[in-house]
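**Q** Test case, fold it:
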Amino acid sequence: MKIEQIYTSCLSQASYFVENNGEAVVIDPIREVDQYIKRAKSNVCKIKYIFQTHFHADFVSGHVTLSNKTNAQIVYGPNANPDYECIIASDGDFFEIGNLKIEVLHTPGHTLESCSYLLYNEDNEPHAIFTGDTLFLGDVGIPDVAQRYKNTTKEELASILYDSINTKIKPLSDNLVVYPGHGAGSACGKNMMKETVDKLKNQKVSNYALNGKFNKEDFVKELTENLPEPPAYFPLNVKLNQTGYMDFDTVLENSMKKINSDEFKELIKNPQIVILDTRSSKDFIKSHIKDSIFIGLEGRFAPWVGEIFKDIKTPMILVCNEGSQKEAITRLSRIGFDNCLGFLEGGIKKWIKDGNETESLETLNSKNFIDILKLNKIDILDVRRESEFKNKHIEGAINIPLSNLKEKAQDIRQSDNLYIHCAAGYRSVIAISILRKMGYNKLINISDGFNGILKRDLNENCFNSTMETTCDNT
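**A** Numbers count the residues shown, from 1 in each chain. Next up is the predicted model:
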């Protein structure tokens, strides 16, 4: 028996390849599926089933393409309603893989069709459980309001999830290995552990959903209080996963097109087309094309693209470092953003060489920022999440989380200078690029962000805090 976790860091997502005696299954594959086919070839085995734990909202799964390429059957649990041929399993159904078997455990709550898959070893003993978004390490999947159930509230979903975990998962053997669908950083949970594999025994102690800390009423309250609205692209991803989508190979072929400077200038006359600069924040600060939006591959690139542009049909032209174009297109496709028109040939260097102008951003490090702060009353915009801001922030700063910046930019007062920071200098550059395109000027980036500010000699009275929470280190 071989179990391999394939972890995609930019999505904080785990898929799985399980192989035994010439047969294999894939659980929750990501969109580019050749990696699973190569594994099957290397292990001299045939992919027999593709198990989906639910209709994913935060990424486009590769199940349809993988099924088409391998003839493996797609398996969902009860209540699934896809538009393509698949097996809709019942609770308690078994599937054989070599000398192993997998039992379907219907564990609704995150979504109504959510399932976990219990793997039995060669001795017919439960060995591992693949929990999808039902149970994470240290957490559970939030009620997936992205699916917009007409007759089911988030409180009802949370109540259903409580029953699923306590009747289906908690009674299982302590020795089971837990393989979740996501790790820390995913929007599908609130406060996951950084680890991505654990024993159920440990989770029964550390996970509030398993350790008896809450009764059902308190669990529902814990899970649904301060639940954020899902990113706008989530329901669009759900739809793609339900109905099918373009093969990744076709997306790549359509998008890997060189656009020279003259063609580029013609295309961007269309105000609907986004110039997306995927280079590092340092490179963007130094030199970039007017009205381009920075979202660098160095950070959580795809989720931020989805949060900011929202519509997966948004037409884009990429500005990339040489050799990174395929990576950018791949990561865009993972969240359904398939309308990439191509990339600037030769990148920024060729753009400048061809005699075209660029712009730069004004930036300060935290030391110079604090020197100004000590002597002047200044306007500060903090673009971290609300929970980060409440944990600790500079007195007098206004907070507009990056995900809401476009919609709430009117709240920003045009001042002589507006100093903008996040945690470490990634989100603030995204924010400035958005505001610059919207016509705001005199924007100054704090290059090392709030993390840098905290390390400096600043009077504690300059800070304010109302709660404790975990923080995003970008």
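**Q** From now on I want contacts and neighbour counts done on CA atoms only, so please keep to that.
**A** Fine.
**Q** And the helices in the stretch 101-250 of the chain?
**A** Taking DSSP state H, counting those that start in this stretch, the helices of the stretch 101-250 of the chain run over residues 154-164, 200-206, 216-224, 234-243, 248-255.
**Q** Now the helix or strand containing Lys41: average pLDDT?
**A** Using DSSP states H and E, Lys41 falls within helix 34-42. Across helix 34-42, the average pLDDT comes to 97.
**Q** can you state the direction angle for that helix and helix 248-255?
**A** Per axes from the mean of the first three to the mean of the last three C-alpha atoms, to 10 degrees, the angle that helix 34-42 makes with helix 248-255 is 130 degrees.
**Q** Buried ones in helix 34-42, by neighbour count?
**A** Tyr36, Ile37, Arg39, Ala40 (16 or more other C-alpha atoms under 10 Å).
**Q** now swap in stretch 344-364 and tell me
**A** So, applying 16+ other C-alpha under 10 Å, buried residues of stretch 344-364: Leu344, Glu345, Gly346, Gly347, Ile348, Trp351, Ile352, Leu361, Thr363, Leu364.
**Q** show me the contacts for the fourth one.
**A** In this case it means Gly347. Residues near Gly347 by C-alpha atoms under 8 Å, 6 or more residues apart in numbering: Val319, Cys320, Asn321, Glu322.
**Q** Then Asn339?
**A** Asn339 makes contact with Ser255, Ile312, Lys313, Thr314, Pro315, Met316, according to C-alpha under 8 Å, 6+ apart.
**Q** What does Arg334 show for phi and psi?
**A** Here is the backbone geometry of Arg334 (degrees, to the nearest 10): phi -60, psi -20.
**Q** and what of the one 5 residues further on?
**A** The phi and psi torsions at Asn339 (degrees, to the nearest 10) take the values phi -100, psi 50.
**Q** which outside residues touch the helix holding Lys41?
**A** Here helix 34-42 makes contact (C-alpha under 8 Å, 6+ apart) with Phe17, Ala24, Val26, Lys46, Ile47, Thr70.
**Q** Show me which of the buried residues of helix 34-42 is closest to Gly299.
**A** Sorting those by distance to Gly299 puts Tyr36 at the head of the list, at 25.5 Å, by C-alpha to C-alpha.
**Q** Give me the pLDDT for the residue located most distally from the centre of the chain.
**A** Relative to the centre of the chain, the most outlying C-alpha is that of Leu375, 40.3 Å out, by C-alpha atoms, centre = their mean. Looking at Leu375, its pLDDT is 83.
**Q** Identify the residues contacting it.
**A** Residues near Leu375 by C-alpha under 8 Å, 6+ apart: none.
**Q** Which residue ranges make up each domain of this protein?
**A** Split into domains by automatic domain parsing, the chain comes to 2-235, 246-353, 363-464.
**Q** Can I get those in CSV including distance to Asn473?
**A** CSV is the format used below for the domains of the chain (distance: least, C-alpha to C-alpha, whole Å):
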stretch, distance to Asn473
domain 2-235, 10
domain 246-353, 10
domain 363-464, 6
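**Q** Confidence-wise, which helix or strand of the chain is lowest on average?
**A** Here the helix or strand of the chain ranked lowest by mean pLDDT, DSSP states H and E is strand 463-464, holding a mean of 76.
**Q** quick one: the residue nearest to Tyr84 when sequence neighbours are not counted and Glu85, what's the gap?
**A** Leaving aside its sequence neighbours, Tyr84 sits nearest to Thr243 (C-alpha to C-alpha, 6 or more residues apart in numbering; 6.9 Å). Applying C-alpha to C-alpha, to the nearest Å, the value for Thr243 to Glu85 is 11 Å.
**Q** repeat for Thr358
**A** Separation of Thr358 from Glu85 (C-alpha to C-alpha) stands at 51 Å.
**Q** Over to Glu222?
**A** Noted for Glu222: a distance of 38 Å to Glu85, by C-alpha to C-alpha.
**Q** ok, these two, which is more surrounded?
**A** Applying other C-alpha atoms under 10 Å to Glu222 and Glu85 shows that Glu222 carries more neighbours, namely 14 against 11.
**Q** which stretches of the stretch 101-250 of the chain form strands?
**A** Along the stretch 101-250 of the chain, counting by DSSP state E, counting those that start in this stretch, strands occupy 115-120, 126-132, 135-136, 139-140, 177-180, 198-199.
**Q** Now do the contacts for the closest residue to Ile88 other than its chain neighbours.
**A** Leaving aside its sequence neighbours, Ile88 sits nearest to Tyr76 (C-alpha to C-alpha, 6+ apart; 5.1 Å). Residues counted as contacts of Tyr76 (C-alpha under 8 Å, 6+ apart) are Phe51, Gln52, Thr53, His54, Cys86, Ile87, Ile88, Ala89, Glu113, Cys115.
**Q** any idea how far Ser255 is from the third one?
**A** For Thr53, the distance to Ser255 under the criterion C-alpha to C-alpha works out to 30 Å.
**Q** who's more crowded, those two?
**A** The residue with more neighbours, out of Thr53 and Ser255, is Thr53; 27 against 22, by other C-alpha under 10 Å.
**Q** Am I right that the more buried one is in contact with Asp28?
**A** Yes - using C-alpha atoms under 8 Å, Thr53 is in contact with Asp28, at 6.7 Å.
**Q** Pull the helix holding Lys41 out as PDB, backbone CA atoms only.
**A** Output of helix 34-42 as PDB, limited to C-alpha atoms (Å, rounded to 0.1, in the frame of the first residue of the first chain):
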ATOM      1  CA  ASP A  34      -0.600  14.800 -15.800                       C
ATOM      2  CA  GLN A  35       1.200  14.400 -12.400                       C
ATOM      3  CA  TYR A  36      -1.200  11.700 -11.400                       C
ATOM      4  CA  ILE A  37      -0.900   9.900 -14.700                       C
ATOM      5  CA  LYS A  38       2.900  10.000 -14.400                       C
ATOM      6  CA  ARG A  39       2.600   8.500 -10.900                       C
ATOM      7  CA  ALA A  40       0.400   5.700 -12.200                       C
ATOM      8  CA  LYS A  41       2.900   5.000 -15.000                       C
ATOM      9  CA  SER A  42       5.900   5.000 -12.600                       C
END
